[in-house]
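**Student:** What follows is a predicted protein model with its sequence.
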Amino acid sequence: MSDAAAITGDAHAHGHHPDLQHHFDTLEQQHEAATLGMWLFLVTEVLFFGGLFLAYMLYRVWYHEAWVAGSKELSIALGGFNTVVLIGSSLTMAMAVRSAQTGYRRATIGWLLGTMALGLTFLIVKVFEYKDKFDHHHVPGYDFHVDAAHAGIAGPMEIFFSLYFTMTGLHALHMIIGFGLMSVITWMAYKNRFSPQWYTPVEMSGLYWHFVDIVWIFLFPLLYLVDRTQ
Amino acid sequence: MEMTLAAPRVDYLNEKHTVASWLLTKDHKRIGIMYLVVVSLAFFVGGLFASLIRFELATPAGDLVTSDTYNKLFTMHGVAMVFFVLIPAVPAILGNFVLPLMLGAKDVAFPKINLLSWYVFVIGFLFTLYAMITGGVDTGWTFYTPYSSRASSTNVMMTGIGVFITGFSSILTGLNFMVTIHRMRAPGLTWFRLPLFVWAIYSTSLVQVLGTPVIAITVLALAVERGLGFGIFDPALGGDPVLFQHLFWFYSHPAVYIMILPPMGAISEVLACFSRKNIFGYSFVAFSSLAIAIFGFLVWAHHLFVAGISTYSALVFSFLTYAVAIPSAVKTFNWTATLYKGAIWLKAPMIWAICFLGLFLVGGLTGLFTAALGVDVHIHDTYFVVAHFHFIMVGGAIMGYFAGLHFWWPKMTGRMYSDAAAKVAAVIVFVGFNLTFGPQFILGYLGMPRRYHMYPEEFQVLNVLSSAGASILAVGYVLVAIYLIASLFNGEEAGDNPWHATGLEWTTQSPPLPHNFETQPVVTEGAYEYSKREIKVV
Amino acid sequence: MSHIAPKSMYYTIFGILMVMTALTVFAAFQHLGVFNFPVAIGIAITKATLVVLFFMHAKYSSRLTKLFVGMSFFFLVIMFALTLTDYMSRGLKTYPGGAGGAGYGVRSAAPAHEAPASGAHKEGAAETAH
Amino acid sequence: MSEIFKFIPDQASTMAADVDQLYWFIIGVTAFFGILVCVLVVYFAVRYRTDDPLKVGAPITGSIPLELAWSVIPFLISVVIFVWASQVFFDLYRPPDQTLEIYATGKRWMWKFQHLDGKAEINTLHVPVGRPVKVTFTSEDVLHSLYFPSFRTKADAIPGRYSTVWFEATQTGEWHIFCAEYCGTKHSGMIGMVTVMEPSAYQAWLSGNEGGGTLASRGERLFSELACNTCHISDGSGRGPSLVDKFGAQEQLTNGSIVNVDETYVRESILTPQLKVVAGFQPVMPTFQGLVNEEGVMALIEYVKSLQSSPGGAAAPSTAGTPAAAPPQENR
Ligand code: HEA
Ligand code: HEA
Ligand code: CUA
Ligand SMILES: [Cu+2]
């Protein structure tokens, strides 16, 4: 995440912009540093999820039938709904950043609240999806059974669900963190901390939120849509 | 660059004295010192385990400790030394301290994150220490599945969490330094005027940012497999344990360059300074750091030549491994050429640096043996590998770290240690080191596998030599600790530039001001223009 | 301080993303055979690129930012490609009548003894009990 | 060389000398560079040393020709090492055509070796001199690694997979077997001895076999005990395919891919039959997971191998469609 200091902007500058920290010369420099830092953080996130995607790819090639069967246990309706919700929240987030850029405080707050609401919707749907997996004994390591037709590929299917839970779980964790960030930002916006000169925190949380969206953009087809023709 | 002789003696050390002023500091210099304390502690812990290992191996029978204990000893030794000593040693201690100074900046880009990194590091270390104290862990520092996920009954989870957390410290430090180098350089400090240490730190940070997340996810996957019973690498479900090894080494091979690049940078500084010369082939040394960082990501499966990867893949990785050795070769030759026609001043940091050259060379060159497919089949997982990486990590990286520490110690503390004692210590360490790890090459080729608690009798002579060497080595390190600590109390005032070095860090007072410089420095020339310049005497 | 894009741009991008979401669901029900995966991934990559370029303003960012974005994908590709050099060539034969790999056959699914899987919980418990 | 001051282990296999030759070559190369650099560093440090901190060195900044030379020359040298080492590597992992086959399993903490004629031994292995031996092995629990230092070969034992090493012993005697991959408490106790004997002595040793029959006959017994023979009938009339002449051939699967019928495939067919279903058959074969252990699987494999309509029939490249050319016997 971007520097907490750059976000909360603790300043003891004299005659400078109140949000300029002492070790930077200009707000411009400070903003560039924060942006760069955030992007670098996202680079690490890409590789973080990348490891799991690699495992996914490999086993998908090896155990195609199991992947098809596992994927069919997931609900396209719920997954698709969540995709729409999350991309929608990306839109509201982008609008929140735009409002901050142009200095509309109320709009910023509104869009941020909208983003949080959509994020929450996503998480609630996810809870129902997880519950469904518990009900159907699809929780690896805890209570895993497949029906007789798939008995021969039970092992690989368990791998599928292990990856399913690890990937979506990590993604959900990122959403929860994002939700927390968003609450802070909304509160700061409410306190009128931002201006068209300084809205770095909104922009940084936006980058983070969009990244989380991107992860889901991959997870949805990879987990829910392996091959529905069979 | 003017010296600040008449400067008021307010410095970052005596500015404030309360404990809180340390624990809540955002000053990169204080944070560097705080890393120094924790890393030294970890080195002591790791060294203690190493000593016990060598005690045990003095006899073929397993008479000192049980097999289980022995297995824990080398695991905890490896974990402590790799994750809590060598990865943070140079970047987080010396890098934190001198990087902003070298850039002419007031601080790193994100001072609060810098402090956060330290806390994250300490928390990770505490988790690991807790795991060690409450029973230890016995998987080897490589945590291979399925042993780590299904079989071991030790504190794998706790250690994994410790390593996972520490990883974030490493990522945050790397990210911070990269942004700092991009955005906080003093006016006139163009990329090709940067000291080579900065290039090295930049390359290291790149590896930290790109590689560390992968170990994080790998450890996490191991954790869900062990803790929740998921199956990602589990052969019982059709999973592939070799996949774990791929992921582990995708980070851990680049990580060895996290360990060696910063000491290499420090060595470049020391060699240029004490030869009073431009570094030979500046841009080649600079770019070889970047090349090592990037190519370092292409070779990881050279750890898996006999682990079950396809023979064709082994060919690819072996070839790439040779390719990545070339930038190291370029560095070595450039360092050597730097000495040519220098005005060589053999102070203690220089002695450590010369020892580094010799030992790194042996370590690096023996990497060529392990990279050779036909030979690696025989020497993989034997003491040959143990000797290879100790030569590079202890002989190379730790020596380089000490060279840097001795070089910047007067700047960090304002005090000078005993030059004679430091030279003696360097020689003791050098001799002890060779005695410890030299015989291990032979042991390895003779076939003694690593991680062996007991071994056949014919290996005893060489093992005894190695254990004897380790005692000498320990004496050397203890000596270092003694005279460095002593210098804090009765060391001479070092002066602002005791080595008559170039570089912005030497233009401010020792110890530096809380905000580093009185006025914003402006740079007008390259990093090592010794031959052009009259250096002012203190 | 930075580029302010028109609102219409965000709505357009959102629209395109929605269409592509529908498209990817649709594609999953078509008999595409081996192309199923490339199509799904292709759509996902396109969507991600749109988000990065427009929602995340990468299009209007500094060259350095673009470089970092490129870098993350470059190294991701390295991770995938070089790992696959192993997995894709494991089945190849290195000698007649035998399997490829460093003296190994291709993978098979499970060890023949009883799966140790169930042990994990107990061991986890043992660990906390330590 | 006396026993104490040995630098290399005994060269007890055909490959040992090859590996050692390469080793000495790399020692030569690295010693050259190592000594070169060390001598120069020490020489410069002594020759140009000064006690005057104010003296400065010569204004030399670099030399492109030198940089090129010391990148290109090491690179070329490493290519030589690479090519040579890869050659040795392939020799190490490519067994000759006619080998004496031995099966092995590693489990914590012992090696169990299974000879084809039925004799089994633990932590000892008897082999004849002058004959290529191929050991096919797997692990029952965690990773292990079967290591014969004097034969200069090793490979990891991986649960769920077969690994092989091969060697041709060149002298009689006894040498170490080590487990080289860390496997827990008694990793260092997972060791044994390989005894190389004259062929006649080996035959005598083998015939000391107390009943039990050959491995293939044990497999045959299992084949009927587990009721495999109710489905796999040799004329192909059963529910499953006939297994005669199957080993070494290729098989078309329902998903269109083609697999080689080798040890791993047969093992997989027994333990996870549904993962690869033969084209034209229903996936009705039950899994035998838990009903048969690793040694039983090896016996079954050996039995399947022995099911040949004519001696040498199935494995013959013509019917099998496997790449025909046997590699020239590069093993001296
Ligand atoms: C700081 C740490 C560090 C560094 C820098 C290196 C550097 C190198 N390493 Fe090492 N390595 C480790 C730490 C390190 N290693 C560790 C910890 C392990 C074991 C892990 C475990 O299993 O626990 C290991 C294991 C290891 C293996 C696996 C061995 C096995 O398990 O079987 C291999 C195989 O290729 C290898 C190769 C190399 C090579 C080629 C280099 C090269 O980068 C070296 C380049 C340097 C030079 C070559 C010297 C200078 C050059 C010249 C003077 C010119 C002459 C050169 C030529 C002719 C080419 N290393
Ligand atoms: C930075 C990395 C690093 C460092 C510095 C060291 C330092 C040392 N190592 Fe370590 N080692 C590893 C990294 C490192 N090692 C790794 C990664 C492994 C593999 C683990 C695995 O297989 O999983 C390993 C494994 C390893 C083994 C192989 C164990 C086995 O396979 O069975 C041995 C055996 O000799 C050994 C010895 C030593 C010795 C004698 C030192 C000495 O240099 C240490 C000297 C330092 C001190 C002694 C501390 C200073 C002294 C004091 C603070 C005073 C207190 C001491 C006394 C009173 C004696 N190490
Ligand atoms: Cu079995 Cu080590
Ligand atoms: Cu490596």
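**Tutor:** Arrived safely, thanks for sending. For clarity, every value in this text was computed on a predicted model and none was experimentally measured. Ligands and ions are numbered 1, 2, ... in the order given.
**Student:** Taking chain A, what residue is nearest to chain B?
**Tutor:** A:Gly141 (2.2 Å; CB to the nearest CB). C-beta here means a position set from N, CA and C on the backbone, and glycine is covered the same way.
**Student:** my read is that residue is in a strand, agree?
**Tutor:** No. Assessed by DSSP: H, G, I helix; E, B strand; the rest coil, A:Gly141 does not belong to a strand; its assignment is coil.
**Student:** close enough to count as contact, it and B:Ala236?
**Tutor:** No. Counting by CB atoms under 8 Å, A:Gly141 does not reach B:Ala236; the two are 11.5 Å apart.
**Student:** residue ranges of the helices in the chain, please?
**Tutor:** Went with chain A since none was named. A:4-8, A:27-62, A:64-72, A:76-102, A:105-135, A:154-190, A:200-219 (DSSP state H).
**Student:** Chain C, not that one
**Tutor:** For chain C, the helices defined by DSSP H occupy C:7-28, C:36-50, C:63-89, C:119-129.
**Student:** would you list those in a markdown table and tack on mean pLDDT and mean neighbour count?
**Tutor:** Output for the helices of chain C, formatted as a markdown table (pLDDT from 0 to 100; neighbours: other CB atoms under 10 Å in any protein chain shown):
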| stretch | mean pLDDT | mean neighbour count |
| --- | --- | --- |
| helix C:7-28 | 93 | 16 |
| helix C:36-50 | 93 | 18 |
| helix C:63-89 | 91 | 17 |
| helix C:119-129 | 34 | 15 |
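**Student:** D:Ile81 is nearest to which of the ones you listed?
**Tutor:** D:Ile81 lies closest to helix C:63-89 among those, at 20.7 Å (CB to CB).
**Student:** what angle separates the closest one from helix C:36-50?
**Tutor:** 170 degrees (axes from the mean of the first three to the mean of the last three CA atoms, to 10 degrees).
**Student:** which helices and strands does helix C:63-89 pack with?
**Tutor:** Packing partners of helix C:63-89 (3 or more CB pairs under 8 Å, 6 or more residues apart in numbering or on different chains; DSSP states H and E): helix A:27-62, helix B:196-227, helix B:241-275, helix B:311-339.
**Student:** which stretch among those helices comes nearest chain D?
**Tutor:** Among these, if distance is taken as CB to the nearest CB, the winner is helix B:311-339, at 3.7 Å.
**Student:** mean confidence score for that closest one?
**Tutor:** Mean pLDDT, computed over helix B:311-339, is 94.
**Student:** Repeat that for stretch D:184-200.
**Tutor:** Stretch D:184-200 shows a mean pLDDT of 93.
**Student:** Adding distance to B:Ser283 and mean neighbour count, write the helices and strands packed on helix C:63-89 out as CSV.
**Tutor:** CSV is the format used below for the helices and strands packed on helix C:63-89 (distance: least, CB to CB, whole Å; neighbours: other CB atoms under 10 Å in any protein chain shown):
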stretch, distance to B:Ser283, mean neighbour count
helix A:27-62, 24, 22
helix B:196-227, 10, 26
helix B:241-275, 12, 27
helix B:311-339, 10, 23
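**Student:** Dump the helices of chain C into CSV; add distance to A:Met167 as well.
**Tutor:** Formatted as CSV, those follow (distance: least, CB to CB, whole Å):
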stretch, distance to A:Met167
helix C:7-28, 17
helix C:36-50, 14
helix C:63-89, 15
helix C:119-129, 20
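**Student:** quick one: which of the ones you listed is nearest B:Thr311?
**Tutor:** Nearest of the helices of chain C (CB to CB): helix C:63-89, 7.9 Å.
**Student:** the inter-axis angle of that closest one versus helix B:241-275?
**Tutor:** Using the same axes, to 10 degrees, the inter-axis angle of helix C:63-89 relative to helix B:241-275 is 130 degrees.
**Student:** ok, and the helix or strand in chain D with the lowest average confidence?
**Tutor:** helix D:317-320 (a mean of 30; mean pLDDT, DSSP states H and E).
**Student:** just the strands in the stretch 401-538 of chain B please.
**Tutor:** Secondary structure of the stretch 401-538 of chain B by DSSP state E, counting those that start in this stretch: the strands cover B:415-416, B:492-493.
**Student:** by contact count, what packs against the last one?
**Tutor:** Going back to what we said before, that points to strand B:492-493. Using 3+ CB pairs under 8 Å, 6+ apart: strand B:492-493 touches strand B:415-416.
**Student:** host element of whichever residue of chain D sits closest to chain C?
**Tutor:** Of all residues in chain D, D:Thr264 sits closest to chain C, at 3.0 Å by CB to the nearest CB. Counting by DSSP states H and E, the element that carries D:Thr264 is helix D:263-271.
**Student:** B:Gly47 now?
**Tutor:** Counting by DSSP H and E, the element that carries B:Gly47 is helix B:28-56.
**Student:** For chain B, which residues score under the pLDDT cut-off?
**Tutor:** Scanning chain B for pLDDT under 70 picks out the ranges B:1-8, B:533-538.
**Student:** In it, what residue comes closest to ligand 2?
**Tutor:** Residue nearest to ligand 2 within chain B: B:Gly47 (2.0 Å; CB to the nearest ligand atom).
**Student:** Just to check, that residue is in contact with B:Val475?
**Tutor:** No. Counting by CB under 8 Å, B:Val475 is not a contact partner of B:Gly47; they are 11.7 Å apart.
**Student:** Of the two, which one has the most company?
**Tutor:** Relative neighbour count places B:Gly47 above the other of B:Gly47 and B:Val475, with 19 against 14, counting by other CB atoms under 10 Å in any protein chain shown.
**Student:** Just the closest residue of the stretch 351-500 of chain B to chain C, please.
**Tutor:** For the stretch 351-500 of chain B, CB to the nearest CB, closest residue to chain C: B:Val377, 8.3 Å.
**Student:** ok, that residue - contacts?
**Tutor:** By CB atoms under 8 Å, 6 or more residues apart in numbering or on different chains, the residues touching B:Val377 are B:Phe305, B:Val306, D:Val19, D:Phe89, D:Leu92, D:Tyr93, D:Arg152, D:Thr153, D:Lys154, D:Ala155.
**Student:** switch to 7 Å and redo it
**Tutor:** B:Phe305, B:Val306, D:Phe89, D:Leu92, D:Arg152, D:Thr153, D:Lys154 (CB atoms under 7 Å, 6 or more residues apart in numbering or on different chains).
**Student:** tell me which parts of chain D are close to ligand 1?
**Tutor:** Chain D comes close to ligand 1 at residues D:Val29, D:Phe33, D:Val37, D:Pro74, D:Ile77, D:Ser78, as judged by CB under 6 Å from any ligand atom.
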